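A.B. asks: turn this into a structure:
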Amino acid sequence: MRIIMCDDNKYFLLMITDMIRKYAELYHAEVVTFLNANELLEYCRHHTFDIVYLDIEVGKNNGIDMAKILKVINPRALIIYMSAYDQYYVQLANAEPFRFIYKDGIPNEELEKKLADTLNEAVKRIEGKDSWNYTYNRKNYRVLLSKIECFCSSGRKVYIITECEIEQNYYYEKLDNIQEELEKLDNGFIRINNRVIVNMVHTFFKSWKKVEVNNKIYAISAKYREAFHEKYRPFGKIKI
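C.D. replies: Below is the predicted model:
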């Protein structure tokens, strides 16, 4: 996997490159940097690339126009834009942004976290680990894991509860199998009883034995209670 960093500010580029390299090692990814838009485009015409962190203004070049060229060269590439300005949002919609980092005046620690988070999300997207795929009546469906609030079993059916409407919200599967697969894909999901697996991001602590997901209360059974509280602690969300 190859990550490209492009910004015409030499010192800012050095800083964010040092930040991203710490995390790129986790994915065995190579990091290549550019100060010049033309050199970047020439490189990309002759080399593979997967993720691009791109300043919206690179010297006299428009980063959005550059991104459109990059998407022609590699339609599967993920572009993460960086800018100190917010007037580009409308243009960005036409340049297929994956993520946007507002870089003006934020502390280095926050900037590093944004870089690390977007890299993690980009790698998951590339590896197909950011979505849940399932089949119903021989038709395949896909929903982003980040949108899933919980999995609930009822009889032989497993319902997928999300923050948005999906075409087919249940299929036939064992919850044990779903739990096993989720453990490989995303550590943000956890079983709370024999019928429910919750996404910690969408889960609010109500009491030692109960949580709330999508305005519905679910019980945490004794079997799963200790593991749930140990895993929930880093999320640190209490709904009053």
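
A.B. asks: low pLDDT regions in the protein?
C.D. replies: Where the chain drops to pLDDT under 70, the residues are 59-63, 84-98, 124-125, 127-129, 186-187, 233-240.

A.B. asks: show me where it has its helices.
C.D. replies: In the chain, the segments counted as helices under DSSP state H are 10-24, 37-46, 63-73, 89-93, 108-127, 175-185, 222-232.

A.B. asks: these two touch, right, Ala24 and Met5?
C.D. replies: No. Contact between Ala24 and Met5 fails when scored by CB atoms under 8 Å: they sit 10.0 Å apart. C-beta coordinates here come from the backbone N, C-alpha and C atoms, glycine included.

A.B. asks: between the two, which one's more packed in?
C.D. replies: The residue with more neighbours, out of Ala24 and Met5, is Met5; 27 against 22, by other CB atoms under 10 Å.

A.B. asks: list residues touching both of Ala24 and Met5?
C.D. replies: With contacts defined as CB atoms under 8 Å, 6 or more residues apart in numbering, the residues shared by Ala24 and Met5 are Val31.

A.B. asks: re the thing from before, quick one: which of the helices of the chain is nearest Glu149?
C.D. replies: helix 175-185 (13.3 Å; CB to CB).

A.B. asks: which strands and helices sit next to the closest one?
C.D. replies: In this structure, helix 175-185 packs against strand 148-154, strand 189-193, strand 196-199, with contacts taken as 3 or more CB pairs under 8 Å, 6 or more residues apart in numbering; DSSP states H and E.

A.B. asks: export these to JSON lines and append columns for mean neighbour count.
C.D. replies: Output for the helices and strands packed on helix 175-185, formatted as JSON lines (neighbours: other CB atoms under 10 Å):
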{"stretch": "strand 148-154", "mean neighbour count": "19"}
{"stretch": "strand 189-193", "mean neighbour count": "22"}
{"stretch": "strand 196-199", "mean neighbour count": "23"}
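
A.B. asks: possible to save those as JSON lines with distance to Tyr81?
C.D. replies: Shown next, in JSON lines, are the helices and strands packed on helix 175-185 (distance: least, CB to CB, whole Å):
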{"stretch": "strand 148-154", "distance to Tyr81": "27"}
{"stretch": "strand 189-193", "distance to Tyr81": "30"}
{"stretch": "strand 196-199", "distance to Tyr81": "27"}
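
A.B. asks: between these, which one is closest to Ser221.
C.D. replies: Here strand 189-193 is closest among the helices and strands packed on helix 175-185 (CB to CB), at 4.1 Å.

A.B. asks: which residues touch the closest one?
C.D. replies: Contacting residues not belonging to strand 189-193 are listed as 145, 151, 175, 179, 182-183, 197-200, 211, 218-221, 223-224, 227-228, 231-232 [CB under 8 Å, 6+ apart].

A.B. asks: Thr193 and Ile178, how far apart?
C.D. replies: Careful, residue 193 is Asn; it's not Thr. Look at Asn193 and Ile178: by CB to CB, to the nearest Å, they are 14 Å apart.

A.B. asks: beta partners of Ser83?
C.D. replies: When bridges are called by DSSP bridges, Ser83 pairs up with Tyr102.
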